[in-house]
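J.: What follows is a protein structure lacking sequence information:
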């Protein structure tokens, strides 16, 4: 699968995070680092996924891991 745009995440304010682009094996590592460094894993309580244009099992794993962080406060 060739990706034309990178996955992106941004703080949308009010405890929300907007995620866009493909959530795939090739994009999830960088996206996870963006979520960690931007503080979204600590501050977001919801995610707008309307901009996600495709996902594979790595994308699902990223979303589940982010949910665990948001819901249960599990931080490294």
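T.: Cool, got the structure. For clarity, every value in this text was computed on a predicted model and none was experimentally measured.

J.: State which strand of this structure is the longest.
T.: strand 46-55 (DSSP state E).

J.: Quick one: list the elements packing against that strand.
T.: strand 16-23, helix 57-72 (3 or more C-beta pairs under 8 Å, 6 or more residues apart in numbering; DSSP states H and E). Heads up, the C-betas are built off the backbone N, CA and C, glycines and all.

J.: can you list the ones you listed in a markdown table and add mean pLDDT and mean neighbour count?
T.: Conversion of those to a markdown table gives the following (pLDDT from 0 to 100; neighbours: other C-beta atoms under 10 Å):
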| stretch | mean pLDDT | mean neighbour count |
| --- | --- | --- |
| strand 16-23 | 93 | 20 |
| helix 57-72 | 90 | 15 |
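
J.: circling back: buried residues in the longest strand of the chain?
T.: 47, 52, 55 (16 or more other C-beta atoms under 10 Å).

J.: Let me know the closest of those to residue 66.
T.: residue 47 (7.1 Å; C-beta to C-beta).

J.: which residue sits closest to residue 56, ignoring its sequence neighbours?
T.: Sequence neighbours aside, residue 24 is the residue nearest to residue 56 in space, at 4.9 Å (criterion: C-beta to C-beta, 6 or more residues apart in numbering).
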